[in-house]
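**Q** here is the input, now give the coordinates:
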Amino acid sequence: MTRDYSFTQNRELSWLKFNKRVLMEAEDKTVPLLERLKFISIFDSNLDEFCMVRCGTLHDISNVNVKYIDNKSGLNAQEQLDAIFEQMTDLYKLKDNVYSNVCEKLEKYGIKELTFNELTSDEKKYVEEYFRDRIFPILSPQLIDFQHPFPNFKNNALNIVVVATNGKGDKKLNFGFIKFPPSLEKMIILPGEDIRFILMENVILEYVEKIFKHFNIIYKTVMCVTRNADVNFVHEQIDAEENYRDLVKQVLKKRLRLAPIRLEFYKNQNKDLTSFLVKNLHIKDNQVQISQSPLDMSYVYDLVDYIEDNRKTLFDKLSYKPFDPLVPQGLDLNKSIITQVENKDYLFSYPFESMDNFLKLLKEAAKDPNVVSIKITIYRLAKGSKIAQYLLEAVDNGIEVTALIELRARFDEQHNIHYAELLEEAGCNVIYGFEDYKVHSKICLITRKKGKKFEYITQLGTGNYNEKTSKIYTDLSYITSRQDIGEDAVKFFQNMSLDNLDGHYEKLIVSPTSFKSSIISKIHEEIEKAKNGENACIIMKMNSLTDRELIDLLKKASKAGVKVNLIIRGICCILPGIPDVTENIRVISIVGRFLEHSRIYCFGEDDNRAIYLSSADLMTRNTEKRVEIGFPIEDDKLKKRIIKMVELMLSDNVKAREIDSNGDYNKIAYTGEPISSQDIFLTNQFYEKVPEAKKESFIEKIKNLFK
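**A** You can find the predicted model right below:
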């Protein structure tokens, strides 16, 4: 099949552009300085995960399937990796410059990362004592030689590496290393009024000569190896006596020893050492990166916590202002949530409205003598989860609790295993979903006995049941007592328990069977409207767009005259604004204080508009390889509210960036009022900015966005 690559871009290269966009928030003068430092750390951790997962996947493909071709760019796996590493080098340089600029500005407030040579004599004495008493005793220096073979460097962990001679006139080069003990703190904060600190790796680096005291040190630096972490659960064999949870535990251990993907050096590199490591790690030269800024930026969160605890006034000055979540309109927190939900649908918008409203519902249900069962899907839970606590309380109160826990939620596997064991031991019915399909759905069903009938309260969401992330991710949570939705929820959990992916639902659209086909059908409806000369529009908000079939269909919609507005936070494989191809497609990305995470799919306009919320992005993994739920919003007031929300986001000219036909992000030029959608959502201004009566019709406003 011949592919047209003229209006699509590679997903990995698109992601790198998005992560660069994240890094650019650290250059935004309107962002408080400590938050700018956090954005650098977020960029860094994003890149780590990208190397472990996406580059790891491509590495595997390049070894087993040389015929594989990306359907958005025509590149094979190795060509994609080469392009990634080339662009990554430029990103490292950009990060170094941004980090230097932010550090320079923080120094004006007495916050300074120091090299050892920048310490005062008293500070050097303090660090010397700290090293002698608290660091040196737990270090384990090693040489790499015949008696000590090449080590298995732990994934994404810091190491000190050295090149040395034996100091006895022998010029033979020796290679040695010191693994960074995980028990060590990430930095030493020095005594004094200002916040002066030195990173722990730089302390150890300073004393390398004392550690390898019988050697002549020629070169020393900090090094980090990033490994493939894309472990495959599907192809593992399970014995008859072995349960699925134990299998996941075993597979996770492989993550520590999978193939190296990236080698990082701090400040500079030594030719002999680099050649030695490249050879023994079995990587290529283009997989080596050099960073002038710290290799591990996670210290930032410890630093920010320290400043908050010890310099509160300074913390407040350099951080986002705290906010109190708004009370949802029409909800009385002093009354029974169950009683209120029985009479009205509710839509909570996190973090602008608190997840506590749903938690109160669950807590109330756990104690309600009329509740006979609670069923929930779990993908990611917070540490010390109140969700888990209330489920356990429900079991104690004689309520049947079923938890469908996805153990393969990447990097949360151990966490989910812990909760699975906890809930199972307490008497919950714990199930794990499907071998070939991750269950990513977000649904909770509360069943109550009311007279001789059952009443259903169903919660469906775009994000996880995680109290922590609900404060920093934008998500939508829908709660309804509608019987048709409840009956669909009953069928869903029954199908999950019976390993049935082919269930039929009246209202819910569920992948891998009906979600994608339903979205396709709705797009076709808009195409037919446009062909008949009617107003046709599509608005979709998601994290990523990669599904080639849907991309081709959106191009077809554009060519037919459908106005397509896409709000895509991250990967976007369609290139908008190409004349006669995608000229009717506009794409923006919003990156701000909160991580945009809600998925909203709108088709048509006015009273005939169809709106679905979902846990799914338009990625092939979501539409075809996961269990996802899309759910309709049919309450008129809630539909109007959602349209107001997307209108406001489409009008954002502060934190939004528009993607051009090259896939690059550009600031939005404006002459009128600056509009930051997240800032407006934080206040009651949202209701003032988008009043019920609008002089300009919705469709006209959408048209004007393309002018």
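**Q** residue ranges with poor pLDDT in the protein?
**A** For the chain, the stretches flagged by pLDDT under 70 are 1, 146, 169, 231-257, 409, 684-707.
**Q** mind checking the longest strand of it?
**A** strand 216-227 (DSSP state E).
**Q** give me the helices and strands touching that strand, please.
**A** If contacts are counted by 3 or more Cβ pairs under 8 Å, 6 or more residues apart in numbering; DSSP states H and E, strand 216-227 sits against strand 158-165, helix 200-206, helix 208-211, strand 260-266, helix 271-281. Where you see a C-beta, it was placed from the backbone N, CA and C, and this is true even at glycine.
**Q** just checking: what are the partner strands of it?
**A** With DSSP bridges as the test, strand 216-227 is paired with strand 158-165 (antiparallel), strand 260-266 (antiparallel).
**Q** the first one: how far from the chain's middle?
**A** Pointing back at strand 158-165 there. With Cα atoms, centre = their mean, to the nearest Å as the basis, strand 158-165 stands 34 Å off its chain's centre.
**Q** could you give me the buried positions within it?
**A** Using 16 or more other Cβ atoms under 10 Å as the test for burial, strand 158-165 gives Leu158, Asn159, Ile160, Val161, Val162, Val163, Ala164.
**Q** check stretch 134-152 too.
**A** So for stretch 134-152, counting by 16+ other Cβ under 10 Å, buried means Ile135, Leu139, Leu143, Ile144.
**Q** against Leu190, how distant is the second one?
**A** What it means is Leu139. When Cβ to Cβ, to the nearest Å is applied, the distance between Leu139 and Leu190 equals 21 Å.
**Q** assumed Lys541 was part of a strand.
**A** Yes: Lys541 sits within a strand when classified using DSSP: H, G, I helix; E, B strand; the rest coil.
**Q** neighbours of it, just the number please.
**A** 28 (other Cβ atoms under 10 Å).
**Q** would you enumerate the residues in contact with Leu460?
**A** Counting by Cβ atoms under 8 Å, 6 or more residues apart in numbering, Leu460 touches Lys442, Ile443, Cys444, Ser477, Tyr478, Thr480, Ile485, Leu613, Ile629, Phe631.
**Q** let me fix that: Thr8
**A** Lys72, Ser73, Arg548, Ile551, Cys573, Ile574, Leu575.
**Q** quick one: which of those has the most company?
**A** Counting neighbours by other Cβ under 10 Å, Ile574 leads these with 29 neighbours.
**Q** and Ser589, what element?
**A** strand 585-590 (DSSP states H and E).
**Q** which strands or helices does that strand pack on?
**A** Packing partners of strand 585-590 (3+ Cβ pairs under 8 Å, 6+ apart): helix 548-560, strand 563-568, helix 636-651, strand 656-659.
**Q** how far away from the center of its chain is that strand?
**A** 19 Å.
**Q** and the next helix or strand past that strand?
**A** Using DSSP H and E, the first helix or strand after strand 585-590 is strand 595-596.
**Q** ok, that following strand: who's next to it in the sheet?
**A** Strand 595-596 is paired, per DSSP bridges, with strand 473-480 (parallel).
**Q** now could you export just the CA positions of the strand it pairs with as PDB?
**A** Extracted C-alpha coordinates of strand 473-480, given in PDB (Å, rounded to 0.1, in the frame of the first residue of the first chain):
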ATOM      1  CA  TYR A 473      -4.000  17.200  35.800                       C
ATOM      2  CA  THR A 474      -7.000  18.700  34.100                       C
ATOM      3  CA  ASP A 475      -9.700  16.000  33.900                       C
ATOM      4  CA  LEU A 476     -13.400  15.700  33.800                       C
ATOM      5  CA  SER A 477     -15.500  13.500  36.000                       C
ATOM      6  CA  TYR A 478     -19.100  12.700  35.200                       C
ATOM      7  CA  ILE A 479     -21.600  11.300  37.800                       C
ATOM      8  CA  THR A 480     -25.100  10.200  36.800                       C
END
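**Q** residues in contact with that strand: which ones?
**A** Outside strand 473-480, the residues that reach it (Cβ under 8 Å, 6+ apart) are 341, 345-352, 355, 358, 361, 457-463, 486, 594-598, 600, 613, 631, 633, 638, 642, 678, 681.
**Q** and if you look at stretch 87-99?
**A** The contact list for stretch 87-99, computed with Cβ under 8 Å, 6+ apart, reads 13, 16, 19-20, 23, 26-27, 40, 43-44, 47, 289-294.
**Q** for that stretch, buried residues please.
**A** Judged by neighbour count using 16+ other Cβ under 10 Å, the buried positions of stretch 87-99 are Met88, Leu91, Tyr92, Lys95, Val98, Tyr99.
**Q** need the CA coordinates for that stretch. CSV is fine.
**A** Output of stretch 87-99 as CSV, limited to C-alpha atoms (Å, rounded to 0.1, in the frame of the first residue of the first chain):
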residue,chain,number,x,y,z
GLN,A,87,17.6,16.0,17.5
MET,A,88,18.3,15.0,21.1
THR,A,89,21.8,16.5,20.9
ASP,A,90,20.3,19.9,20.1
LEU,A,91,17.8,19.5,23.0
TYR,A,92,20.6,18.9,25.4
LYS,A,93,22.3,22.1,24.4
LEU,A,94,19.0,24.0,24.7
LYS,A,95,18.4,22.5,28.1
ASP,A,96,21.9,23.5,29.3
ASN,A,97,21.3,27.2,28.2
VAL,A,98,17.8,27.3,29.8
TYR,A,99,19.1,25.8,33.0
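**Q** and it, how far out from the chain middle?
**A** Worked out by Cα atoms, centre = their mean, stretch 87-99 lies 21 Å from the chain centre.
**Q** equivalent analysis for stretch 504-511, please.
**A** Counting by Cα atoms, centre = their mean, stretch 504-511 comes out at 26 Å from the chain centroid.
**Q** quick one: end-to-end distance for that stretch.
**A** 11 Å (Cα to Cα, to the nearest Å).
**Q** that stretch: which residues count as buried?
**A** Neighbour-count burial for stretch 504-511 [16+ other Cβ under 10 Å]: Tyr505, Lys507, Leu508, Ile509, Val510, Ser511.
**Q** in CSV, list these along with secondary structure and distance to Ile84.
**A** Output for these, formatted as CSV (DSSP: H, G, I helix; E, B strand; the rest coil; distance: Cβ to Cβ, whole Å):
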residue, secondary structure, distance to Ile84
Tyr505, coil, 40
Lys507, coil, 42
Leu508, coil, 38
Ile509, strand, 34
Val510, strand, 34
Ser511, strand, 28
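**Q** on that earlier part again, just the contacts of Leu460: which are in strands?
**A** Checking the contacts of Leu460 against DSSP E, those in strands are Ile443, Cys444, Ser477, Tyr478, Thr480, Leu613, Ile629, Phe631.
**Q** the fifth one: neighbour count?
**A** Using other Cβ under 10 Å as the criterion, Thr480 is surrounded by 24 other residues.
**Q** just the first one next, same as before
**A** Here the number of neighbours of Ile443 (other Cβ under 10 Å) works out to 24.
**Q** where's it relative to Asp96, distance?
**A** From Ile443 to Asp96 the distance is 45 Å (Cβ to Cβ).
**Q** please name the nearest non-neighbouring residue to Leu139.
**A** Residue nearest to Leu139 in three dimensions, not counting chain neighbours: Ile178, with 5.6 Å by Cβ to Cβ, 6 or more residues apart in numbering.
**Q** show me what that neighbour is bridged to.
**A** For Ile178, the beta-bridge partners are Pro141, Ile160 (DSSP bridges).
**Q** show me what contacts it?
**A** Taking Cβ under 8 Å, 6+ apart, we find Ile178 in contact with Leu139, Ser140, Pro141, Gln142, Asn159, Ile160, Ile204, Val208, Ile211.
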